[in-house]
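> sequence first, predicted model second:
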Amino acid sequence: MGRPLRKRFWVELALGVASCLLLLLTLATREWIELLFGVDPDNGSGALEWAMVASLALAPLLFGALARRERRTARLRPDTATVTRT
């Protein structure tokens, strides 16, 4: 049995879920940035929203890969409580 998952795994997992939710929000309503912050940084062209969709589409993949790697390394590390020294 491997060691318990570190805090790093949970942070990576939370960031992946948050970026996925923001991606869905941006796809559903692209004007949420203007509504939330009260500014229109791209003057209505939609370029900022599509750039966010592109970056938010990659972020869950990146964070998911990092969380998976952390989970695998935690599973492969021996548990220090069960290891006995001779």
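Yep, that arrived.

> for the helix or strand of the chain with the lowest mean pLDDT, the distance to its chain's centre please.
Least confident helix or strand, the chain: helix 32-37 with a mean of 81, by mean pLDDT, DSSP states H and E. Put simply, helix 32-37 sits 21 Å off its chain's centre (CA atoms, centre = their mean, to the nearest Å).

> same check, this time on stretch 55-71
Per CA atoms, centre = their mean, the centroid offset for stretch 55-71 relative to its chain is 6 Å.

> determine the longest helix present in this structure.
Identified as the longest helix of the chain according to DSSP state H is helix 47-76.

> counting by contacts, list what that helix packs against.
Secondary-structure packing of helix 47-76 (3 or more CB pairs under 8 Å, 6 or more residues apart in numbering; DSSP states H and E): helix 7-28, helix 32-37. Heads up, the C-betas are built off the backbone N, CA and C, glycines and all.

> looking at these, which is nearest to E70?
helix 7-28 (4.3 Å; CB to CB).
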